[in-house]
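Student: Generate a structure from the sequence data that follows.
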Amino acid sequence: MGSRLTNAHIHAASKRFKRTLSRFGNDTGGNIALIFGLSAVMIFTALGAGLDLSRAYLARQKLSQVATLACQYASRSTILDTLTSGTGSAYASQVTSYITTAWQNQNVNLNQTNGSPFTYAQGGAANVSLSASVPTTFMQIAGFTAIPIQAQSHCYDTPSAAHQPVPDSSQTVINEGFEATPNGTVNGWTSYLPNGSTGTQATATGWSSAAGYTGSNGTQWHITGYCLEQDQAGNIKSSVPDGNYSIELDCDRGDGSGKGANSSISAVNYLSAGSYELRYYYASRVSYSSYDPTYLCGSAASDLSWANSTSWSGAVGNTYTGSRTNQVNVYLDFSSSNTAAPPTHTTLDGVTLAGSNLIDMCVYGPNWIQRSVTINVTTPGYYWLTFAADGSGDSLGGQLDAIQLCRVSCTGSVQDNFTKAWAASSLLFEDTFESPTYTFSWGATSNTSGNVNNSVGASSFWTVAGSGWANAPTNQLPYWNSGCPQGTQCVQLGWNSNSLISNSFLFVPGYYQVSYKYQSQALFSSGVSNCSTSPVTSTTLPTGSGIGTLWNNSFSFLFANYDTNAVAMLMSNGQMASTPNTGNSLGSTTSYTNPSGTVTTTAAYPPNSTVSPTTVSLLDVCRYSSTAQTRTATVFIAKPGWYWLTLAALGTSDSYGGIVDDVKITALGSPYMSSPPSGAVTIPVPSPQPGSTIAYTGFTITADPLAP
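Tutor: Okay, the predicted model is just below:
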C-alpha cells in the first residue's frame with residue numbers, strides 16, 4: 001500500500017510528541033505557545049491517521065489470508081471433482097461458500113463488497129478478489145470516512161486435464177417434451193412462474209438462478225418474464241408432436257389486462273467443440289388470412305421483417321389487429337459459467353427477456369412444423385439455449401414442443417415442411433383476365449380503358465384480398481375480345497407506352513412453375529426472331545421495321561418496328577426490388593414502394609430490369625410468335641416471402657405490343673423432392689444467403705438449412 005505505518009513508527013512518533021510537550025512546558029515565550037496551538041491539530045490528526053492506516057493494514061492482511069485460503073480450497077482435487085460432471089455452478093458455489101466461512105473465521109468484521117469474489121473461466125483461470133472498506137476515526141477530520149482495501153489471489157491458469165469439465169457422453173444434450181406432470185391444470189393449462197410455483201402474476205420477473213420448470217428428462221428451464229404455459233393436447237392444438245403437452249410463452253398476465261405477457265425459457269449446458277443440431281416443433285395459435293397456408297420462419301430477423309400483417313382471428317373467433325402475435329425467437333449465448341445469467345434482449349412490446357444471439361425464429365405456421373438449426377461450437381463452454389415469445393403480448397402466442405439439442409445430428413429424419421395443401425402439380429393461381437368483363441363498341445375489338453387492378457384471378461390464398469395486378473407506368477391498358485389465346489378476353493402490354501403488370505405471391509421454399517400464353521399483335525412476314533429458349537441467355541431484340549397486319553385481322557395493315565411485340569417474364573423478392581402499387585385510379589401515374597420503404601413514381605430497383613440479375617430474375621423473353629404459345633419457367637424459392645411476378649413489354653414503345661393471357665402458378669414440390677426439376681431459376685433473396693455461415697461468440701450456425 002505504499003508507505004505503511006508500523007508499531008515502530010507509532011513508538012517514534014510518540015517520543016517526538018513527548019519532547020515537544022517538554023519544550024512547550026519549559027518555554028515561557030508566547031511565540032512557542034502560539035505555534036504549538038496552531039500545529040496541535042495537525043499533529044494529533046497526523047498521529048491519528050497513522051492509527052487509522054495501521055488498522056486498515058491489519059484488515060488487508062486478513063483479506064489476503066482469506067484470498068489465499070480460498071485459492072487453496074478451489075485447487076483441491078476433491079473440490080475440482082465437481083467440474084467433471086460439467087456443472088461448474090456447483091464448483092463456484094462451493095468456493096464462494098468457503099470464502100464466506102473463512103471471512104467469518106478470520107474475524108475480519110467488515111462487509112465484503114465484491115459481488116463476485118470468485119471468478120472461474122470455463123476450462124481456464126480461477127481467481128479470488130476480495131474488497132472491503134475500513135471506517136476511519138481520526139481521518140474524518142480531513143474528510144476521509146473510510147479506507148478501501150483489496151486483496152487478490154490467482155488460483156491457477158487452467159485446471160488439470162482430469163478436472164476439465166466434460167459433457168454428458170450421450171448423443172442428446174436436451175430432449176424436452178414438457179411432459180412433467182403439472183401441479184394442477186385449469187381448463188387444460190398450467191402456468192409456471194419464474195420461481196417454480198404455478199399461477200399468474202401482474203409484472204414481469206427478471207432472470208432467476210432458480211429453475212422455474214424442470215422437464216421430465218431433468219432439463220432445468222429458467223423463466224424470464226411472466227410464465228411458461230403448459231397446454232394439454234386439445235386445449236390449443238388438437239394434437240401435439242410429443243406426448244400430451246405443448247407450451248406457450250405468451251401467457252396470461254395476472255392483472256387481467258391481456259397485455260405484456262411475453263416470456264422466455266432458458267437452459268444452460270456445457271458444449272464441447274464440434275457440430276450440433278437443434279430441432280423443435282412450432283405452430284401458430286391464431287390465424288392470419290394473409291399468410292395461410294404458408295409457414296414463415298428464418299435464421300435472421302431481416303428474413304421476416306416484412307411479416308407485419310394485422311389481420312388475424314383469435315382463438316375464440318374474435319377479430320384482432322395485433323401483428324406477430326405468434327412469434328417465437330430462438331437464441332444461443334456463450335456463458336462464462338452456468339451460474340451467470342444469460343444476456344438479454346427487448347421484445348417488440350418492450351419486455352426484457354433472456355437471449356441475445358438470435359439463431360432462428362418463426363412468425364407463422366398454421367400446422368406443426370419442425371425446424372432444424374445446424375450449430376458448430378468453436379469455443380467449448382457453457383451455453384444458454386433460450387426460446388422467447390415476441391410480437392404482440394396478448395396471451396395468445398406460438399406453441400412449442402419436442403425440443404432437441406443433439407451432438408452432430410438428431411436421430412431420424414426432419415419433417416418436410418412444404419405446405420401439405422400444395423400437392424405436387426397442384427394449381428395455385430390462375431388469371432385468364434375474363435373478369436371484370438369489358439364491353440366493346442360496334443366495329444372495335446379492344447377497350448383501351450382496361451384496369452387490371454380489378455383482375456384478381458382464381459386463388460384461395462396469396463393475393464391480398466380485393467387487389468389484382470399492379471400496372472405501370474400508368475394504370476391503363478387495352479383489353480381485347482377477339483383472337484385471344486384463351487377465352488374471350490386478354491390484355492395487351494404496349495399501347496401508348498410500354499407497360500408492365502405485376503402481382504405478389506407468398507411462397508415457401510420449394511419449386512414452382514410459372515406460365516403465361518403469348519401472342520404477337522403485329523405480324524410480319526420476315527425480319528423477326530422467335531421466343532427465347534429456356535434458360536434465357538439473351539434479351540437481344542430484332543432490329544428494323546416493316547409492314548404487317550394485326551394478329552386477329554389480316555386486313556388491318558400496320559407499320560411498326562420488329563421489336564414491338566417483345567415481352568419479358570421476371571420475378572423478384574419483395575425486399576429487393578421496387579414494387580408497383582395497386583389501387584391507383586384509371587389512367588393515373590403508378591407509384592412504387594422501394595425496398596427502403598420510400599414511395600415514389602420512379603422505381604429505385606425496377607421490377608422489369610433485365611440487366612440486374614442480383615435483384616430481378618429474368619425467366620422468359622418472347623420476341624415474336626405468329627401463333628399463341630404457352631411459355632413456362634421453373635423457379636426455386638429459397639426463403640419464405642412475398643415474390644413479385646412481372647410481365648413487361650420490351651422494345652419500341654408504340655401503339656402495338658405483345659398479347660398476354662392465362663397466367664398460372666403451379667406448385668411442383670419441396671426443396672427436397674426426390675426428383676427436382678432441372679433448369680430451375682433460383683430467385684435472389686436478401687442476405688444472409690441460405691447455406692452461408694453466421695458467426696457468433698463461440699459458435700457459428702448455417703443460415704436457412706431448409707430442413708430436412
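
Student: For the rest of this, base every contact and every neighbour count on C-alpha atoms.
Tutor: Fine.

Student: which residues does residue 428 contact?
Tutor: Neighbouring residues of residue 428 by Cα atoms under 8 Å, 6 or more residues apart in numbering: 422, 459, 460, 664, 665, 666, 667.

Student: And stretch 207-224, end to end?
Tutor: 5 Å (Cα to Cα, to the nearest Å).

Student: circling back to that earlier point, write a PyMOL command that selects only the buried members of the contacts of residue 428.
Tutor: Listed next is the PyMOL selection for buried residues among these, using 16 or more other Cα atoms under 10 Å:
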select buried, resi 422+664+665+666+667
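
Student: Could you list which of the contacts of residue 428 belong to strands?
Tutor: 664, 665, 666, 667 (DSSP state E).

Student: I figured the first one hits residue 427, correct?
Tutor: Yes: with contacts counted by Cα atoms under 8 Å, residue 664 reaches residue 427, the gap being 7.4 Å.

Student: what are the ranges of the strands in the stretch 51-200 of the chain?
Tutor: Shown for the stretch 51-200 of the chain, the strands assigned by DSSP state E, counting those that start in this stretch span residues 118-120, 126-135, 146-156, 172-176, 189-192.

Student: Could you tell me which strands sit next to the fourth one in the sheet, and their orientation?
Tutor: In the sheet containing strand 172-176, the strands it pairs with under DSSP bridges are strand 399-407 (antiparallel).

Student: then the partner strand to CSV, C-alphas only?
Tutor: The C-alpha trace of strand 399-407 is given here as CSV (Å, rounded to 0.1, in the frame of the first residue of the first chain):
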residue,chain,number,x,y,z
GLN,A,399,-46.8,-23.2,-29.5
LEU,A,400,-43.6,-25.2,-28.9
ASP,A,401,-42.9,-28.8,-28.4
ALA,A,402,-40.3,-31.6,-28.8
ILE,A,403,-37.1,-29.6,-28.3
GLN,A,404,-33.9,-31.5,-29.0
LEU,A,405,-30.3,-30.4,-28.9
CYS,A,406,-28.1,-33.2,-30.3
ARG,A,407,-24.4,-33.8,-30.9
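
Student: Tell me the helix or strand right after it.
Tutor: Stepping forward along the backbone from strand 399-407, the first helix or strand reached (DSSP states H and E) is strand 426-431.

Student: Quick one: residues in contact with the following helix or strand past that following strand.
Tutor: On the C-terminal side of strand 426-431, the closest following helix or strand by DSSP H and E is strand 446-450. Strand 446-450 has contacts (Cα under 8 Å, 6+ apart) with 438, 439, 440, 476, 477, 478, 479, 480, 481, 482, 586, 587.

Student: what mean pLDDT does strand 446-450 have?
Tutor: If you average the pLDDT over strand 446-450, you get 84.

Student: on that earlier part again, please identify the deepest-packed of the strands of the stretch 51-200 of the chain.
Tutor: Burial of the strands of the stretch 51-200 of the chain is given as mean neighbour count (mean count of other Cα atoms under 10 Å); strand 189-192 ranks first at a mean of 23.

Student: could you say what helices and strands that one packs with?
Tutor: strand 228-232 (3 or more Cα pairs under 8 Å, 6 or more residues apart in numbering; DSSP states H and E).

Student: Generate CSV for the ones in strands among the contacts of residue 428, with pLDDT and distance to residue 618 as supplementary columns.
Tutor: Shown next, in CSV, are the ones in strands among the contacts of residue 428 (pLDDT from 0 to 100; distance: Cα to Cα, whole Å):
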residue, pLDDT, distance to residue 618
664, 94, 17
665, 93, 16
666, 93, 18
667, 92, 19
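
Student: And those residues, which is closest to residue 514?
Tutor: residue 665 (4.6 Å; Cα to Cα).

Student: shouldn't that closest one be in contact with residue 431?
Tutor: No: counting by Cα under 8 Å, residue 665 sits too far from residue 431 to count as a contact (9.5 Å).

Student: quick one on the thing from earlier: just send the strands of the stretch 51-200 of the chain back as TSV, with mean pLDDT and distance to residue 182 too.
Tutor: Shown next, in TSV, are the strands of the stretch 51-200 of the chain (pLDDT from 0 to 100; distance: least, Cα to Cα, whole Å):
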stretch	mean pLDDT	distance to residue 182
strand 118-120	86	36
strand 126-135	90	40
strand 146-156	89	44
strand 172-176	94	15
strand 189-192	90	7
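
Student: ok so, going back, would you list the buried entries among the contacts of strand 446-450?
Tutor: 438, 476, 477, 478, 479, 480, 481, 482, 586, 587.

Student: can you list the domains in the protein?
Tutor: 7-163, 172-415, 427-677 (automatic domain parsing).

Student: which stretch among those domains comes nearest residue 702?
Tutor: Distance to residue 702, taken as Cα to Cα, is lowest for domain 172-415 among those, at 5.6 Å.

Student: now the closest one, how far from the centre of its chain.
Tutor: Computed by Cα atoms, centre = their mean, to the nearest Å, the separation of domain 172-415 from the middle of its chain amounts to 13 Å.

Student: Tell me who's in contact with the residue nearest in space to the middle of the chain.
Tutor: In the chain, the C-alpha nearest the mean C-alpha coordinate belongs to residue 301, at 3.4 Å (Cα atoms, centre = their mean). Applying Cα under 8 Å, 6+ apart to residue 301 gives the contacts 358, 361.

Student: With residue 200 instead?
Tutor: Counted by Cα under 8 Å, 6+ apart, residue 200 has contacts 191, 193, 226, 227, 252, 253, 254.

Student: Quick one: buried ones out of these?
Tutor: Using 16+ other Cα under 10 Å as the burial test, those include 191, 193, 226, 227, 252, 253 as buried.

Student: Export the residues you listed as TSV, with columns for distance to residue 400.
Tutor: Shown next, in TSV, are the buried ones among the contacts of residue 200 (distance: Cα to Cα, whole Å):
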residue	distance to residue 400
191	15
193	17
226	17
227	14
252	16
253	19
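
Student: for those residues, which one is nearest residue 292?
Tutor: Using Cα to Cα, residue 252 is the member of these that lies nearest residue 292, at 26.0 Å.

Student: Now the closest one: closest residue in space, sequence neighbours ignored.
Tutor: Nearest in space to residue 252, with sequence neighbours left out and distances taken as Cα to Cα, 6 or more residues apart in numbering, is residue 395 at 4.9 Å.

Student: who are the neighbours in contact with that neighbour?
Tutor: By Cα under 8 Å, 6+ apart, residue 395 lies in contact with 250, 251, 252, 253, 258, 259, 261, 262.

Student: what about it, which SS state?
Tutor: Using DSSP: H, G, I helix; E, B strand; the rest coil, the structure places residue 395 in coil.

Student: Give me the phi and psi for it.
Tutor: phi 70, psi 10 (degrees, to the nearest 10).

Student: Check it and give its pLDDT.
Tutor: 86.

Student: cool, residue 212 as well?
Tutor: pLDDT recorded at residue 212 is 93.

Student: list the contacts for the closest residue to it other than its chain neighbours?
Tutor: Distance criterion Cα to Cα, 6+ apart; nearest residue to residue 212, sequence neighbours excluded, is residue 196 at 3.8 Å. Contacts for residue 196 (Cα under 8 Å, 6+ apart) come out as 210, 211, 212, 213.

Student: Check the spacing between residue 196 and residue 221 real quick.
Tutor: Distance, residue 196 to residue 221, using Cα to Cα: 10 Å.

Student: tell me, what's touching the two both at once?
Tutor: In contact with both residue 196 and residue 221: 211, 212, 213, using Cα under 8 Å, 6+ apart.

Student: my guess is the first one meets residue 224, correct?
Tutor: Right, residue 211. No: using Cα under 8 Å, residue 211 makes no contact with residue 224, being 10.2 Å away.

Student: what about the two, which has more around it?
Tutor: Higher neighbour count among residue 211 and residue 224: residue 224, with 28 against 19, using other Cα atoms under 10 Å.

Student: partners of the host helix or strand of the more buried one, with directions?
Tutor: Per DSSP H and E, residue 224 falls inside strand 220-224. Here strand 220-224 is paired, per DSSP bridges, with strand 213-214 (antiparallel), strand 264-271 (antiparallel).
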